[in-house]
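# Sequence and predicted structure, then a few things I'm wondering about:
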Number of protein chains: 2
Amino acid sequence: MDDSTAQGPAGATPVIASRAVYFVSDSTGITAETLGNALLANFPAARFTPHTIPFVDSVARVDGVLDRLRQTPDAGSPPLVFTTVKHAALRARLAAAPAVVIDLLGGHLHELEVALGQSASEQPGRYHAVGDLDAYHARMRAVEYAVEHDDGQSTRALDAADVIIVAPSRCGKTPTTMYLALQYGLLVANYPLTDDDFPTEGLPRPIAPYAARCFGLTTTPLRLSQVRTERRPHSRYASLEQCTLEVRRAEELYRRCRVPSLNSSAKSVEEMSAVIMQALKLRA
Amino acid sequence: MDDSTAQGPAGATPVIASRAVYFVSDSTGITAETLGNALLANFPAARFTPHTIPFVDSVARVDGVLDRLRQTPDAGSPPLVFTTVKHAALRARLAAAPAVVIDLLGGHLHELEVALGQSASEQPGRYHAVGDLDAYHARMRAVEYAVEHDDGQSTRALDAADVIIVAPSRCGKTPTTMYLALQYGLLVANYPLTDDDFPTEGLPRPIAPYAARCFGLTTTPLRLSQVRTERRPHSRYASLEQCTLEVRRAEELYRRCRVPSLNSSAKSVEEMSAVIMQALKLRA
C-alpha cells in the first residue's frame, strides 16, 4: 500500500486514505485550527481527519497528546500535528512525537524577538482570552446590538450603526451581520427590503439618513429562489419570478442611491465581511 | 530617540512608540490577522498600530502595498508585515518591502509539501471562501438557528440542538451561542433561567429532555450586578442581592442535574466555546 492512497479494484478510482491531523494548543486551539486549515487548503487532492486538542499547558497534558498520537492508526504515514504550544520545554517534548510536528509560532516568535529587540512571554497563548476588557466588552455589546437589530426588528439605535446591511430576504444579511459583530466588534444592523420599499425613489425611510453606512447584498434570482424554497416551498415568495423582480429592484435601488453592493451567491461571510469593511473603510 | 520608545519629561514614564503592523493577504486577511495577533500578544510591553490589506493578489496590488509601506512614518523602526500571500512571485516582490516581512505560510507550506509528497496549489488562499458548499450552508443555517433560539424565544426545534446553553440573564449566553454557530456550525440554543424555573427540582420543562446536551454558565454576583446595571440601573433585577440569589440557585441546579458548567466572568467567548466543546465532546 502506498503512503497516501489505497488502491481500489483494478480500474476503479483509487480510494484516498485520510491523514490524521491534530491541532494542539496551550489555549483554545482557534489559532492552530485557523492557520492549520489555511495550510491544508493548499492540498486539495489530499484527505484529512482533523482533531483539536486545546489547553495543553503542562507536561502531563503533552504526555496525554503523545499517548493519543501513539494510538493513532498509521498506514505508513504518521499524523500531522500543528501546534501553537509556546513554552519551550513543552514544545521540545511535543517535537519528539511520532508525527510530523509543525510549529506554527516558534520560528515566527524568534523573528519577532529579533525585530522588536524583546523576548517573547512564555505564558500560554492569551490572544483569544478576554485581554483588553473594554475592547472585549465592546465586542460582546456588538453581538447584542446585532441580535437586537437583526432583520429590521429595531430601529432604536440605527444612528449608532457602523454598517447597515440592506438586502431582500434570504440574501445572507444575518450571518454576515453576526460575523462582523463577533470578529470585529462592529455595530451592524440589517434591514430587509420588501415590496413595500419599492414605490419610493430613495432608500426606505428608517435607513435613509444613514445612506453612507449602508451596504447592499444581492444574489442570483435562481439561488434566491432555491434558498427561499427551503423555507417556504411552492410559495409566491420563493417563486423564480418574484425573486427575479426583487433582485432587479434591489440592484436598481443600490445603483440609484449609490449604495455599494456585492453579489453574495458565491461568497462566504468572511469574504463579504472583508469587502464590506474595505468599501466602508472600516479597517485601519 | 530610541527605536521603540520616546522618552517623556525626566522622571515620567517613557512613552512607548507604536509600531505599524500590516496584515497582508491575497484573500480576506483573517488568517493573517489571527496568527499575526496571536504572535504580537506575546510582546505585551510593545505597542502596535495594526492595518489589514486584503485581496492582494496581483503585482499591481503588491506594488500598492509597497507604496503604502514607503509612506509609513518610520522613527527608526520599520513596519512589521505579516503576510499570507501565497504566489511565489508576489511573495518575492513583497519580501523586498522596506519592512520586516514575516511570511506566515511559506515555510510551513514547504514542510507540508515534504510531509505529503505533493506540491501546494498556488491559488490565492481559499480557506475562508465558501469551499465545501454543504458544510458552508450548514454553518449558515446554524447562525439562523442560533438567532431563532436565542434567549428561549423558540423551543420549536430544541431536539435538533447540539448544545443548549443555560444561564441566568446576562451571563454571556448569546455571544457564546453565536460564536459556536458561526465558527463551528453547531446548532446552539440558549435558555434563560428565571425565578419561575426554581421551585422545581429538575431542569426547566422545555429543556429537561435534553439534559445531556445542556451546559450551564455562571458568573460572580458582583459582575452580574454590574452588567445588569448597565441595562436597568437601580432595578431589583440588577441588585446585588437578586444577582447573588440567581447565581447561587443556578449553580445548585447545575450540580443537582449534573449539567457541566463554567464561570464566565473572566473567560472570553472563544475560551468558553473551547471548554463547552470539550465537555460535551463536540470536537473530534
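That came in fine, so what should we check first?

# pretty sure residue A:244 is in a helix, no?
Yes. Under DSSP: H, G, I helix; E, B strand; the rest coil, residue A:244 sits within a helix.

# which residues touch it?
residue A:221 (Cβ atoms under 8 Å, 6 or more residues apart in numbering or on different chains). (C-beta placed from N, C-alpha, C; glycine too.)

# let's see 10 Å
Neighbour list for residue A:244: A:220, A:221, A:222, A:224, A:225 [criterion: Cβ atoms under 10 Å, 6 or more residues apart in numbering or on different chains].

# do the same with residue A:223
By Cβ under 10 Å, 6+ apart, the neighbours of residue A:223 are A:170, A:171, A:243, A:247, A:263, A:264, A:265, A:266.

# List buried residues within those residues.
The neighbour-count test (16 or more other Cβ atoms under 10 Å in any protein chain shown) applied to those identifies A:170, A:171, A:243, A:247, A:263, A:264, A:265 as buried.

# quick one: the helices in the stretch 101-250 of chain A?
Taking DSSP state H, counting those that start in this stretch to define them, one finds helices in the stretch 101-250 of chain A at A:106-116, A:133-148, A:173-184, A:221-231, A:240-256.

# Any chance of JSON lines for those, columns mean pLDDT and distance to residue B:257?
Listed next are the helices of the stretch 101-250 of chain A as JSON lines, based on pLDDT from 0 to 100; distance: least, Cβ to Cβ, whole Å:
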{"stretch": "helix A:106-116", "mean pLDDT": "92", "distance to residue B:257": "44"}
{"stretch": "helix A:133-148", "mean pLDDT": "90", "distance to residue B:257": "27"}
{"stretch": "helix A:173-184", "mean pLDDT": "95", "distance to residue B:257": "30"}
{"stretch": "helix A:221-231", "mean pLDDT": "94", "distance to residue B:257": "35"}
{"stretch": "helix A:240-256", "mean pLDDT": "96", "distance to residue B:257": "47"}
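
# right, so those: which one is the most enclosed?
Of all these, helix A:173-184 carries the top mean neighbour count, a mean of 25, counting by mean count of other Cβ atoms under 10 Å in any protein chain shown.

# ok, that one near chain B or not?
Yes. With Cβ under 10 Å from any Cβ of the partner chain as the criterion, chain B is reached by helix A:173-184 at A:174, A:175, A:176, A:177, A:178, A:179, A:181, A:182, A:183, A:184.

# the inter-axis angle of that helix versus helix B:133-148?
Orientation check (axes from the mean of the first three to the mean of the last three Cα atoms, to 10 degrees): helix A:173-184 against helix B:133-148 gives 90 degrees.

# just how off-centre is helix A:173-184 within its chain?
9 Å (Cα atoms, centre = their mean, to the nearest Å).

# How is chain A partitioned into domains?
The record assigns chain A these domain ranges, following automatic domain parsing: A:5-116, A:133-279.

# Please name whichever of those is nearest to residue B:90.
Between residue B:90 and these, the tightest spacing by Cβ to Cβ is seen for domain A:5-116, at 14.8 Å.

# And that closest one, how far out from the chain middle?
Its chain's average C-alpha position is 21 Å from that of domain A:5-116, according to Cα atoms, centre = their mean.

# ok, which pair from the residues of helix A:173-184 next to chain B is furthest apart?
A:174 and A:184 (16.2 Å).

# quick one on the thing from earlier: so which of the contacts of residue A:244 is the closest to residue B:63?
Using Cβ to Cβ, the contacts of residue A:244 come closest to residue B:63 at residue A:220, 34.0 Å.

# got a list of what that closest one touches?
Contacts of residue A:220 by Cβ under 10 Å, 6+ apart are A:226, A:243, A:244, A:247, A:263, A:264, A:265, A:266.

# Let me have those in JSON lines, adding distance to residue B:117 as columns.
Converted to JSON lines, these look like this (distance: Cβ to Cβ, whole Å):
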{"residue": "A:226", "distance to residue B:117": "40"}
{"residue": "A:243", "distance to residue B:117": "47"}
{"residue": "A:244", "distance to residue B:117": "49"}
{"residue": "A:247", "distance to residue B:117": "47"}
{"residue": "A:263", "distance to residue B:117": "39"}
{"residue": "A:264", "distance to residue B:117": "38"}
{"residue": "A:265", "distance to residue B:117": "37"}
{"residue": "A:266", "distance to residue B:117": "32"}
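
# what's the most distant pair in these?
Distance extremes for the contacts of residue A:220: the farthest pair is A:244 and A:266 at 18.2 Å, using Cβ to Cβ.

# Near residue A:267, how many residues? Count them for me, please.
19 (other Cβ atoms under 10 Å in any protein chain shown).

# close enough to count as contact, it and residue A:179?
No. Contact criterion Cβ atoms under 10 Å: residue A:267 and residue A:179 do not qualify, at 11.7 Å.

# what sits in contact with each of those two?
The contact sets of residue A:267 and residue A:179 overlap at residue A:273 (Cβ under 10 Å, 6+ apart).

# which residues in the stretch 1-150 of chain A form strands?
Per DSSP state E, counting those that start in this stretch, the stretch 1-150 of chain A carries strands over the ranges A:5-6, A:15-16, A:18-24, A:47-53, A:80-83, A:100-103.

# Just give me the lowest mean pLDDT stretch among these.
The minimum mean pLDDT among the strands of the stretch 1-150 of chain A belongs to strand A:5-6 (a mean of 41).

# if I look at residue A:81, how far off is chain B?
Taking Cβ to the nearest Cβ, to the nearest Å as the measure, residue A:81 and chain B are separated by 10 Å.

# Pull the contacting residues for residue A:189.
A:145-146, A:148-158, A:160-166, A:173, A:177, A:206-207, A:210, A:213-214.

# same thing but 8 Å
By Cβ under 8 Å, 6+ apart, the contact set of residue A:189 is A:145, A:146, A:149, A:158, A:161, A:163, A:164, A:165, A:177.

# cool, and residue A:217?
A:165, A:166, A:167, A:171, A:172, A:173, A:176, A:261, A:262, A:263, A:264, A:272.

# now the helices of the stretch 101-250 of chain A as a markdown table including distance to residue B:134?
Supplementary listing: those in a markdown table, determined by distance: least, Cβ to Cβ, whole Å:
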| stretch | distance to residue B:134 |
| --- | --- |
| helix A:106-116 | 34 |
| helix A:133-148 | 26 |
| helix A:173-184 | 16 |
| helix A:221-231 | 13 |
| helix A:240-256 | 22 |
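
# How many residues are close by residue A:213?
The burial count for residue A:213: 20, using other Cβ under 10 Å.

# Please apply the same query to residue A:59.
For residue A:59, the neighbour count with other Cβ under 10 Å is 11.

# any idea how far chain B is from it?
Counting by Cβ to the nearest Cβ - residue A:59 and chain B are separated by 19 Å.

# What score does the residue nearest to residue A:139 when sequence neighbours are not counted have for pLDDT?
Counting by Cβ to Cβ, 6 or more residues apart in numbering or on different chains, the nearest residue to residue A:139 once its immediate chain neighbours are dropped is residue A:185, at 3.7 Å. On the pLDDT scale, residue A:185 is placed at 94.

# Contacts only, for residue A:185.
With contact taken as Cβ under 8 Å, 6+ apart, residue A:185 is in contact with A:135, A:138, A:139, A:142.
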